[in-house]
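Chemist: Take a look and give me a structure for this.
(one chain, ligands or ions: 1)
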Amino acid sequence: MKPEILVLGTLWTPDTRARLGELFHCHFLADAAEGAGAAWLAAAGPGIRGVLTTGVIGLDCATLATLPALEIVAVHGVGVDSVPRGALAARGVLLTNTPDVLTDDVADLAVGLLLACVRRLPMLDRYVRSGQWEAKLPLAHARSLKGKVAGIVGFGRIGQAVAERLVPFGLQIRYFQRSPGPQPERRSASLLALARESDMLIVCTPGGASTHRLVDAEVLDALGPEGTLVNIARGSVVDEAALVAALESGRLGAAALDVFENEPKVPQALLGSDKVVLTPHVGSNTVESRRAMAALAVANLAAHFRGEPLPTPVG
Ligand code: 8YV
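Modeler: This is a model prediction of the structure:
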């Protein structure tokens, strides 16, 4: 008998659904009738041994409580901040994620956002399309990257990949993370020191309680009126209200954001601001990364149910 799994979210391609169907007896929560999710879960829950979920959806404690036979949670994504790790560990439920396969695409997006923000690409696009160029309206100068300092918040796999990409632009790299990391000569003494020393901060650190609103008003003030904030990590790492206030008052120069505190809700003040570049949490959203992430998440589930070592366990 195929193991029963619960699949959360709607980003599964036909290929992935077909592969899941070959290996498992799948319960897709998204297929439950509107408003019938709780009853549907109560019926399916007792038989479910595995969960496949996205990095954003994760698994909430209420759903976890409906799954008494749960053995493994496979997250399609590198971040596991939406999963109650303590509760899973207490029940002996295994947890896997999909590191590495998305690193390059997420790092590419960080660089793209930085360039788009510093060179004001969305605004220039609007300038051309709206006829302002033809009307010879004034156009302010953007800023150069060369010779500036990029501060990376969180120097793990993605932070290091971002740094590697920025060196050829002539940027100096500094970073901060709590634990010692590679290239210790580039590590700042604190996040505040990093913000003071940098022209731009690129947030690459994992989400979760330990990084909640790490980038606060004080850090944004230290980055300053000419500073740029890029966030491709988690919205929870930045105090969004403080960010809005800093941008509105001119205490922070600009921001490029792929992630937000209450996705998909974005504060009106950001939607209406010319100082920001906004993308809808798409760091890993390429055909290649998403295919590799799905394959790895499924491989983790399959390995578990075959009694084999997990390819990418968390912790
Ligand atoms: C995803 C992510 O957007 O990897 C992560 O932690 O945030 C993303 O890649 C997503 O949750 C896909 O499941």
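Chemist: what residues are up against residue 137?
Modeler: residue 127 (CB atoms under 8 Å, 6 or more residues apart in numbering). From N, CA and C alone the C-beta is placed, and that goes for glycine too.
Chemist: Give the phi and psi angles for it, as a check.
Modeler: phi -70, psi 150 (degrees, to the nearest 10).
Chemist: pLDDT at it, what is it?
Modeler: With respect to pLDDT, residue 137 scores 98.
Chemist: Next: residue 283.
Modeler: pLDDT, read off for residue 283, is 98.
Chemist: next one: residue 9
Modeler: In this model, residue 9 is scored at 96, pLDDT.
Chemist: which residues in the stretch 151-300 of the chain form strands?
Modeler: 172-176, 200-203, 228-231, 254-257, 276-278 (DSSP state E, counting those that start in this stretch).
Chemist: Which residues of the stretch 51-200 of the chain lie near the ligand?
Modeler: 54-56, 76-79, 102 (CB under 6 Å from any ligand atom).
Chemist: Show the buried residues in those.
Modeler: Burial by neighbour count, 16 or more other CB atoms under 10 Å: within these this picks out 54-56, 76-79, 102.
Chemist: now these as a markdown table including pLDDT and secondary structure?
Modeler: Listed next are these as a markdown table, based on pLDDT from 0 to 100; DSSP: H, G, I helix; E, B strand; the rest coil:
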| residue | pLDDT | secondary structure |
| --- | --- | --- |
| 54 | 98 | strand |
| 55 | 96 | coil |
| 56 | 95 | coil |
| 76 | 98 | strand |
| 77 | 98 | coil |
| 78 | 98 | coil |
| 79 | 98 | coil |
| 102 | 98 | coil |
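Chemist: farthest pair in those residues?
Modeler: Farthest-apart pair in these is 56 and 102; separation 13.4 Å (CB to CB).
Chemist: Now tabulate the residues of the stretch 51-200 of the chain next to the ligand in TSV and tack on distance to residue 255.
Modeler: Below are these laid out as TSV (distance: CB to CB, whole Å):
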residue	distance to residue 255
54	25
55	22
56	20
76	27
77	23
78	23
79	20
102	23
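Chemist: any shared contact partners between residue 56 and residue 102?
Modeler: Common neighbours of residue 56 and residue 102 (CB under 8 Å, 6+ apart) are residue 77.
Chemist: now the helices for the stretch 101-250 of the chain?
Modeler: 103-118, 121-129, 157-166, 191-197, 217-223, 240-249 (DSSP state H, counting those that start in this stretch).
Chemist: By mean pLDDT, flag the weakest helix or strand of the protein.
Modeler: Within the chain, judged by mean pLDDT, DSSP states H and E, the helix or strand with the poorest mean is helix 37-44; its value is a mean of 90.
Chemist: Outside of that helix itself, list whatever touches it.
Modeler: Contacts for helix 37-44 (CB under 8 Å, 6+ apart): 4, 6, 27, 29, 32-33, 63, 66.
Chemist: And these, which of them are buried?
Modeler: 4, 6, 27, 29, 32, 63, 66.
Chemist: Quick check: the first one touching residue 45?
Modeler: In this case it means residue 4. No: proximity of residue 4 to residue 45 does not meet the contact threshold set by CB atoms under 8 Å, at 9.7 Å.
Chemist: Residue 27 belongs to a helix?
Modeler: No: read with DSSP: H, G, I helix; E, B strand; the rest coil, residue 27 is strand and lies in no helix.
Chemist: how close does it get to residue 40?
Modeler: When distance is defined by CB to CB, to the nearest Å, residue 27 is 8 Å away from residue 40.
Chemist: Ok, residue 92 next?
Modeler: 26 Å.
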